[in-house]
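> Got a sequence here, can you build the structure:
(2 chains)
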Amino acid sequence: MNEPMHRYKYTKLTKAEVDGKLRATASGPKCASKLSDALAGKSLKIVTDDGPVLSYTFKSGTKLALSEDGKAAVDASYGALGLEQLIFFSHMIPNSSKGYNVYLDTETNLATVFEVWFSGGKDSQGQALDDREVQRQIYFGYVAGPSGTTPPEKRHHTTNRIEGKGMYWKQDTGIETLEFYASIISTNFVELTRHADDLSYCSPSDYVLVNDNMFLYDRTECEFSGIMTMYAVDLFTQTQVGMRLGFNEKDELEYYMFRGTGKMVGHLTSLAPFDEHGLVVNLGMGPAPKGKPAAAAPAAAPKGQRTAYRPARSFTNMTEEQVHQAAEKNTTTFTGDPNSPQQQAGMMGGNTLPYSDLLVGKKFTLRYDYEGPVYEYQVTDIYNLQWRKEGETAWRKETYRAFEADEKLVFFAHMLGGSRPKASVKIALDLLSGLTTCIHSKMGTKYYGNEVSYRAFFGVAEMEGLEAPQYVRHEFTDELVGRGFTRTYSDSMTSMHLYTTPHSSAWTIYTSNQTLGMQWCAPALYVKLRDGVYIFDLVEEACNGAETCIIENDKTMRASGFGFSGGARGVTLGVIGAIARDLGQYDVKEYFGPKVKGRGV
Amino acid sequence: MAIFKPTSESTNCPKQDTGRRSFIRKAGVAASAALASAAAGIAGTGRDRHPAKTDEARQLANRIGILEDAEAVRGLCRQHAGYLDRGRYEEAVGLFADDGAAVYNGGLYAGREQGVRRLYCGAFGRGRTGKSMEPAPGFGFDPADHPETVEVASDRTTAVCRFPYSMRAGAPMVSDSSLVALARLQGEGIRQWWEGGIQEVSCVKTGGAWKIGRVEYRLLARADYRPGRTSAEAIDVPPCARTFPADPSGPDTLV
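Numbering: from 1, shown residues only, chains lettered A, B, ... in the order given. Below you'll find the model as predicted:
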């Protein structure tokens, strides 16, 4: 698949189409590995807290009968796989759109049940659900013993102990993925074999702790195909058993079980309190009931409730003409009191660097390679400059802002006046080496008129006192890949940047106790300017279309740059600044690039 | 008057004396002691059966009534503060008289089911405003300098209670950023701060029960502070600029 998932137009399968395709599940899940017959001939009664009582009779290694809450038994086909003391079995219920996935802990007699089903309707935030999206509800419980046996008191439970781990997986199907469990409710994953591009995506997830070395996991690709992947992991042996259910981009049913072998690729540091164990996930449960404490969770969340970011559904597609008209009415460039960065940038600019006067009074030409632009500059003062393209006679006046991102390394930005669509440049200019990189951005992509498109140009500066190299240039880099940083834009807003692949990045929001929660991701580019100094440029594609272009300095742990966006309210170029903390790194570079993909290299 | 005056040390104000609730609680204890004293005086008068003492008895009875009213008003204020502390905005609104009003951040919110509900269930609810919290470091104050006062009118139909407050306040972040969109999904995306001042609660007796006629938050200081931080800076929060309905959660009048 070479169409990025966030661009792919998944079919809106109807309920009838979904039900029709699900008939194939009557034969049970497929599996490339040998299924387990550990349950054959056994009967189990699984009692769940606040959920169903499931009475199973396993007639063979592939056939079972299930009675839910004492109702008449139904026959179904199933598959089972063992992992250490866990037995995992999966089945759908014929003539329905639901099924059960059960993890039996044979050491403790605990059982965790994932009920899955397909349904439309709306989620707790009022957003429409696709009929093809797999829903789930987790029930914790146990296997009932003989009459008179005392039920176990403990349960498997949700956890934050997986937050920060990252793993590479290879299934027995040959499918390879990288999965970064960076949040307690979401995952960043990279499809290394299914997709042509090295891009990461985010999906709502659940994490359940079995014991100190085993956990259960699921993710549902909400906003994309709606397909679900779930598995149990043994961290000691770095192995998994799992199940995949749903409809792929070709609308084909996938219902199979798998074994997989993995590798821990690293851990990012959790900043949650040491006494926070993540036993309760209380994120995004919607507004509290009337009259109840706003911070408290509702007594009982609706079945299947999960918090899913669905930005493409709320992103209004504007035409180029609409964006142009909006920009004509309002193009905002570093407005407000120039001495008050907070006022200018609001939430994203509380921690900007001071503006630099390094360019004041200078005249120079920036010449970019391969037919790239050539800009001539005369810098008037700390806020104003004149520019023109080489060959033009008239100067254009613009307001600009500049930061000194590293020693004599200036990062400045301004609008390109008169441009249609509206365009801006973010320019890194090294006053020591004479090297320069220009991120040229303009409103509009082939998908949305209000989404920024961007491009990096590498070149040199012609300036009195500088002797720029003939061949050396700034260059794209993978040095940041796998690294995670906090970004504290202001005391009210901190997120994490996770540089997932050489071509994408994720941002994750911290909760009030600094647990990582909601996240999303997008394609990005990375440019190395100096050792430990990089440009990171990301556009929130199919999300809100906004660009974040920052220079990050590993020595100062500061990020400074610019945001560029447009929409119904016009076009805005503003400043961004953040204080960073290093959260660690996933060792994943080996999984990316043309050599790994075997693309003729 | 500077109750919340910036100080060089953050330890001027012991925690147990800084909370709004603890302050009211202490005042309530004092009122109970006064009531007990007055009741003892009446008991003595009854035994004497002296005609000259009748007026004194009436005065004492009235005095007891006033003390009872004062205690009831304190209880009402305590309940109001408690509801806000726990985010029970609906219940807080229910303590107001029909024509009750609230004055906050330069705006007058009139009518229990109109303005007050808009402020409490709207603006306060979205910003999670009202939770009692310690004063920000460097913004400590001495409650003894500004003791709680309760003034009950001689006809015992109105009363005014004044006491210092120290609470969390906030407002939803206004941004198109996906960061804020994500934060909202997890129940956040709120800019929060500390603020303190004097709360003046005017009460009216309606049908024998005390109701809040008007609450006025007389701000003395605001700071960018959340519990656990070691320092805080004073901040400005723009006062209300638009009235309802132009601002759906705005006041009826700018004051």
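
> out of everything not next to it in sequence, what's closest to the residue most central in space within chain B?
Central residue of chain B (Cα atoms, centre = their mean): residue B:199, 4.6 Å from the mean position. The shortest distance from residue B:199 to any non-neighbouring residue, by Cβ to Cβ, 6 or more residues apart in numbering or on different chains, is to residue B:165 (4.4 Å). C-beta: built from backbone N, CA, C; applies to glycine.

> which residues sit in contact with that neighbour?
Residue B:165 is in contact with B:20, B:81, B:132, B:196, B:197, B:198, B:199, B:217, counting by Cβ atoms under 8 Å, 6 or more residues apart in numbering or on different chains.

> Flag whichever of these scores worst on pLDDT.
Looking at the contacts of residue B:165 by pLDDT, the weakest one is residue B:20, with 41.

> quick one, helices of the stretch 151-255 of chain B?
B:178-185 (DSSP state H, counting those that start in this stretch).

> Sketch out the strands for it, chain order is fine.
Using DSSP state E, counting those that start in this stretch, the strands of the stretch 151-255 of chain B run over residues B:158-172, B:190-206, B:209-224, B:233-234, B:253-254.

> Any buried residues in stretch A:148-165, and which?
Within stretch A:148-165, the residues that count as buried by 16 or more other Cβ atoms under 10 Å in any protein chain shown are A:155, A:156, A:157, A:158, A:159, A:160, A:161, A:162, A:163, A:164, A:165.

> Now secondary structure too, for those residues, in CSV please.
Below are those laid out as CSV (DSSP: H, G, I helix; E, B strand; the rest coil):
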residue, secondary structure
A:155, coil
A:156, coil
A:157, strand
A:158, strand
A:159, coil
A:160, coil
A:161, coil
A:162, coil
A:163, coil
A:164, coil
A:165, strand
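
> Low-confidence ranges, the stretch 301-450 of chain A, go.
Across the stretch 301-450 of chain A, residues meeting the criterion (pLDDT under 70) sit at A:335-347.

> Same check on chain A?
Within chain A, the stretches with pLDDT under 70 are A:282-300, A:335-347, A:597-601.

> Return the residue of it that is most distant from the centre.
residue A:148 (48.4 Å).

> List the residue ranges of the stretch 1-150 of chain B that fall below the pLDDT cut-off.
For the stretch 1-150 of chain B, residues meeting the criterion pLDDT under 70 lie at B:1-49, B:51-52, B:141-144.

> anything in the helix or strand that contains residue B:62 near chain A?
Here residue B:62 sits within helix B:54-85, counting by DSSP states H and E. No: Helix B:54-85 does not reach chain A (Cβ under 8 Å from any Cβ of the partner chain); its nearest approach is 9.1 Å.

> now swap in stretch B:91-101 and tell me
Yes: using Cβ under 8 Å from any Cβ, stretch B:91-101 reaches chain A at residue B:91.

> Return that stretch as PDB; C-alpha atoms alone will do.
In PDB, the C-alpha atoms belonging to stretch B:91-101 read as follows (Å, rounded to 0.1, in the frame of the first residue of the first chain):
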ATOM      1  CA  GLU B  91     -26.200  22.600  43.300                       C
ATOM      2  CA  ALA B  92     -24.300  25.900  43.800                       C
ATOM      3  CA  VAL B  93     -26.800  27.600  41.500                       C
ATOM      4  CA  GLY B  94     -29.600  26.100  43.600                       C
ATOM      5  CA  LEU B  95     -28.500  28.100  46.600                       C
ATOM      6  CA  PHE B  96     -29.400  31.400  44.900                       C
ATOM      7  CA  ALA B  97     -32.600  33.300  45.200                       C
ATOM      8  CA  ASP B  98     -34.700  33.500  42.000                       C
ATOM      9  CA  ASP B  99     -33.400  37.000  41.400                       C
ATOM     10  CA  GLY B 100     -29.900  36.200  42.600                       C
ATOM     11  CA  ALA B 101     -26.800  37.600  40.900                       C
END
